[in-house]
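K.L.:
just to be clear, the model below is a prediction. Sequence and coordinates:
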Amino acid sequence: MKVVIVGGVAGGASAAARLRRLDENAEIVMFERTGYVSYANCGLPYYIGGVIKNKEDLTLQTPQSFKERFNVDVRVLTEVLSIDRAAKEVVARDLASGREYRESYDKLILSPGAHPVVPDVKGADSKKIYTLRTVEDTFRIREAALADGVRSVAVIGGGFIGVETAENLREAGLDVTLIQRSGHVLSPIDGDTASFLHSRMRRFGVDLRLDSPLLGFEDTENGIRVLIKDKAPAEADIAVLAIGVAPESKLAKEAGLELGVKGSIAVDDRMRTSDPDVYAVGDAVSITNTVTGGKAVISLAGPANKQGRVAADNIAGVDHRYKGSHAASVLKVFDMTAAFVGTNEKTAKAAGIDYGKVIISPASHASYYPGGRAMTIKVLFTNTDMKIIGAQIVGFDGVDKRLDVIATAMQAGLKVTDLADLDLAYAPPYASAKDPVNMVGFVAENVLEGKVRQFFYEDVPSLVGTDAQLLDVRTAEEYACGRAAGFDKNIPVDELRERMSEIDKKRPVYLMCQSGLRSYVACRMLAQNGFDCYNFAGGYRLYSSMEKSRFDGDCATDCGVKRIR
C-alpha cells in the first residue's frame, strides 16, 4: 500500500508516524510546501520573543530523522498542485527546481492546514506587514523586529496568535500596539473574563485598542500607519496581521471533494472525505462541535494530532472514530494564564441554548499558604439537564489544571453539580481542601436549589435608581477604596446580624463583596430572616475589572489594607 500525505505539520506528521507503527511495509510519501516538517506551530511566537532561542528547537522532526526512524519519504519545499482522483495521482512541483511530476497513491491524506486571512483593505500588500503561520514567517518577523531602527510594532487581531505575538514582541523590548475589532481579546471567551487580561496587558505596556475596526494601511517615510474606523490611526515601524486563519481547501475544492462550513473539507468520523480513498485532517477540515452538535472548524494542534492518528488507523484497517472536539485551549498572557473550553455566552445565545452560569473568584491554593492568588472561573451549563457547556478561567497558578478537570467532566457528560463531588488532589501549595472546581459545583448546587439567587455585571445599571437596596458587605477600608455604582450603603458582613434593622425587609436587597463569598454568607443570613436577597457573581474584583479597567479589582491590596475574602 502506498500512502501520500499532503502537509507535514501536526496532522500530517502524526498520521505518518502512526501509520508506520501500524504497517512496516507501507510506502509513505509526505509533501510539505515549506522547508520544515513536524514543527511546533504554537511555539512560533516564543521564538520571536527570544524565549525559544534555538531555531532547531522549533522542529520536532526533520526530513532526515523522519526517514531514519519512520522510513517516510519526506519532500520539503514541494507543493502539491492538484489531485487526479480518477488516476489516483497528485501533481507536485519541486519549488527549488520548478520541476513538476506525478505521484501515485492508494490512499491520500490531506493535511494542508490553514492560511492567514488578509483583509481586502487599502495598503494590505505593504512590505512592512507580516503574517505568522510558518517557520519561515517566524524568522522574517524576528529579523524585522531586531532590525536597526525598529522600535515599534502594530499587531492587528486579538486572537491566539495576535495576543501571543504582542506579548513576545513586547518582551523583546518593542513598543506594541494591539488593535482589536471587537470589545475584547480572545473571542472564545466573554468580555467579563477577558477584562482581566486587558488590564494585565496594559500593565505590561501594551497599547491595547479595543472596538477598533481596521480600515487599511499607509506606508510612511519611517514606518506604517494603521487606519482605524472613527479613531486616530496607529503609527508603527512594522505591523503583524493576525486577524484569523481560513481552511486551506483549494486542492480539495478543485478535486471535486465535498466542502463543509467556512469552505473547509467535509469528513466523516473516520476522517474520510467524500472520496473513500482520500482522508483529511487538521485545520482544513470541519468536525463535530461536541457542545452544539453542529459542524465547526477548530484550528488547534491537539485535535489535529488526534485526527491524524484516526486517519492512519482506518487506512491500516483499525476502526477508529473521531468523536469531535469541545476546543479546550490555554495560553499565556505575560504572567497570567487564560484557559477556556466549549461555548461562551454569545455562542450559546446564538444557538438558542437555555443556559445558566456561575462566576466565582477562588484562590489558586490554600489561603494560609504563601503565594496564592485569585482566579476567575466562569462556567456555563444548560438549565434543562445541568450539563456543562463551557468554562473560562483567568488567573495565575493552577488555571490549566482546573480547566482540564472541567474539560474532562464535559467529555464524560457530568452535570455541573457533579463537580462538587470530584475527589481531587490537595496539598496547601497546590489547592484547597475544597478545590476551586468543587466550589463551582457547590455554587451551582446553591443556585439550582434556590439557596441563593445571582445577579451579574450587566444587571447593575438597571438596578441603580430603582426600589432595590444595593448593599456592599466588605470592610469599611475596602469600601473606601472604591465601590460599584449605586452601592451607597456599606454594612460589613460581620456586623450584619446586629445592623439588620437598617435594611428594609419590604424591598429586594442586592449584595456585593470582593469575591462573592462574603456576600453569599450575608445573603444566607438575610434570606433566613425573610429578606428577598441576591448575590453578585464574581465580586467587586470582577466589577472593577470591567468598569474601571483595574487589574484584579483588588482594592484591599491597592490601599494597603489586609485582604479579606
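P.N.:
That came through, no problem.

K.L.:
helices and strands of the protein: which one has the lowest mean pLDDT?
P.N.:
Counting by mean pLDDT, DSSP states H and E, the chain has its least confident helix or strand at helix 555-559, which shows a mean of 44.

K.L.:
skipping its backbone neighbours, what lies nearest Lys262 in space?
P.N.:
Nearest residue to Lys262, sequence neighbours excluded (CB to CB, 6 or more residues apart in numbering): Val297, at 5.1 Å. All C-beta atoms are positioned from the backbone trio N, CA, C, and that covers glycine.

K.L.:
burial check on that neighbour, number of neighbours?
P.N.:
21 (other CB atoms under 10 Å).

K.L.:
ok, it - contacts?
P.N.:
Val297 is in contact with Pro247, Gly260, Val261, Lys262, Ser264, Asp283, Val285, Ser286, Ile287, counting by CB atoms under 8 Å, 6 or more residues apart in numbering.

K.L.:
cool, and Phe139?
P.N.:
Counted by CB under 8 Å, 6+ apart, Phe139 has contacts Lys55.

K.L.:
buried residues in the host helix or strand of it, which are they?
P.N.:
Per DSSP states H and E, Phe139 falls inside helix 135-145. Buried positions in helix 135-145, judged by neighbour count with 16 or more other CB atoms under 10 Å: Val135, Asp137, Thr138, Ile141, Arg142, Ala144, Ala145.

K.L.:
and which of those residues is nearest Ala114?
P.N.:
Of all those, Asp137 has the smallest distance to Ala114: 13.1 Å, by CB to CB.

K.L.:
surely that closest one touches Ala144?
P.N.:
No: Asp137 is not in contact with Ala144 according to CB atoms under 8 Å; the separation is 10.6 Å.

K.L.:
who touches both of those two?
P.N.:
Counting by CB under 8 Å, 6+ apart, the residues touching both Asp137 and Ala144 are Tyr130.

K.L.:
helix or strand right after the host helix or strand of Glu478?
P.N.:
If you go by DSSP H and E, Glu478 is part of helix 476-481. Downstream of helix 476-481, the first helix or strand assigned by DSSP H and E is strand 489-490.

K.L.:
packing partners of that following strand?
P.N.:
When contacts are defined as 3 or more CB pairs under 8 Å, 6 or more residues apart in numbering; DSSP states H and E, strand 489-490 packs onto strand 469-472.

K.L.:
in CSV, list the C-alpha atoms belonging to the strand it packs on.
P.N.:
Provided in CSV are the C-alpha atoms of strand 469-472 (Å, rounded to 0.1, in the frame of the first residue of the first chain):
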residue,chain,number,x,y,z
GLN,A,469,-31.3,48.2,48.0
LEU,A,470,-27.7,47.9,46.9
LEU,A,471,-25.5,46.9,49.8
ASP,A,472,-21.7,46.3,49.9
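
K.L.:
please shift the residue numbers so they start at 19 in all later answers.
P.N.:
Okay, using 19 as the starting number, the last item reads as strand 487-490.

K.L.:
that one pairs with which strands, parallel or anti?
P.N.:
Here strand 487-490 is paired, per DSSP bridges, with strand 507-508 (parallel), strand 527-530 (parallel).

K.L.:
nearest to Leu259, of those strands?
P.N.:
Nearest to Leu259 among the strands paired with strand 487-490 is strand 527-530; the distance by CB to CB comes to 41.5 Å.

K.L.:
next, the buried residues of that closest one.
P.N.:
Judged by neighbour count using 16+ other CB under 10 Å, the buried positions of strand 527-530 are Val527, Tyr528, Leu529, Met530.

K.L.:
what's the closest of those to Val173?
P.N.:
Minimum distance to Val173 across the buried residues of strand 527-530 is 35.8 Å, recorded for Met530 (CB to CB).

K.L.:
so what's that closest one bridging to?
P.N.:
Residues in beta-bridge contact with Met530 (DSSP bridges): Asp490.

K.L.:
pretty sure it contacts Val491?
P.N.:
Yes: between Met530 and Val491 there is a contact under CB under 8 Å: 7.2 Å.

K.L.:
now the common contact residues for those two.
P.N.:
With CB under 8 Å, 6+ apart, Met530 and Val491 have common neighbours Ser537.

K.L.:
picking that back up, just the mean pLDDT for the helix holding Phe157, thanks.
P.N.:
For helix 153-163, mean pLDDT is 93.

K.L.:
now the element after that helix, going C-ward?
P.N.:
Taking DSSP H and E, what comes next after helix 153-163 is strand 170-174.
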